[in-house]
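A.B. asks: Prediction below, plus the sequence it came from.
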Amino acid sequence: MMTEKEERGPDHEAEVELVCDGRAVSLNPFVKRIIKETVRGMVRSLGETPENPATIEIRIRQK
């Protein structure tokens, strides 16, 4: 019998971090998953990226 972690797959443990003006923003597991899956989907659709990248970084700076 598989554990819950094994059923969800190895990338379930992906680290998601949000930092605004140098301060970490607390994220609950649901929000982390939404951010992770949304960004991964956008990156995959670009077609010029690795199929399963180890790290994805996004930086947004106001001018």
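C.D. replies: Received, thanks. Just so it is clear, the model here is predicted, and its values are computed rather than measured.

A.B. asks: per-residue confidence at the residue nearest the centre of the chain?
C.D. replies: The residue lying closest to the centre of the chain (Cα atoms, centre = their mean) is K36, at 2.7 Å. Note for K36: predicted pLDDT of 95.

A.B. asks: do M1 as well
C.D. replies: For M1, pLDDT reads 45.

A.B. asks: List the buried residues in stretch 35-46.
C.D. replies: Neighbour-count burial for stretch 35-46 flags 35-36, 40 (criterion: 16 or more other Cβ atoms under 10 Å). (Glycine included, C-beta is placed from N, CA and C.)

A.B. asks: tell me the contacts of the residue nearest to the centre of the chain?
C.D. replies: 14, 16 (Cβ atoms under 8 Å, 6 or more residues apart in numbering).

A.B. asks: Regarding it, which helix or strand does it belong to?
C.D. replies: helix 29-46 (DSSP states H and E).

A.B. asks: thinking in terms of the whole chain, how far from its middle is that helix?
C.D. replies: 5 Å (Cα atoms, centre = their mean, to the nearest Å).

A.B. asks: Then stretch 23-35?
C.D. replies: 9 Å.

A.B. asks: again, but for stretch 28-48
C.D. replies: Distance, stretch centre to chain centre, for stretch 28-48: 5 Å (Cα atoms, centre = their mean).

A.B. asks: Kindly report the same for stretch 18-25.
C.D. replies: Mean-position distance between stretch 18-25 and its chain equals 15 Å (Cα atoms, centre = their mean).

A.B. asks: what mean pLDDT does that stretch have?
C.D. replies: For stretch 18-25, the mean pLDDT works out to 96.

A.B. asks: Tell me the span between the first and last residue of that stretch.
C.D. replies: 5 Å (Cα to Cα, to the nearest Å).

A.B. asks: Give me the buried stretch members for it, please.
C.D. replies: Buried, per 16+ other Cβ under 10 Å, within stretch 18-25: nothing.

A.B. asks: outside of it, which residues touch it?
C.D. replies: By Cβ under 8 Å, 6+ apart, stretch 18-25 touches 17, 27, 35.

A.B. asks: As a markdown table, the residues you listed with distance to I56 would be great.
C.D. replies: Below are these laid out as a markdown table (distance: Cβ to Cβ, whole Å):
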| residue | distance to I56 |
| --- | --- |
| E17 | 11 |
| L27 | 16 |
| I35 | 10 |
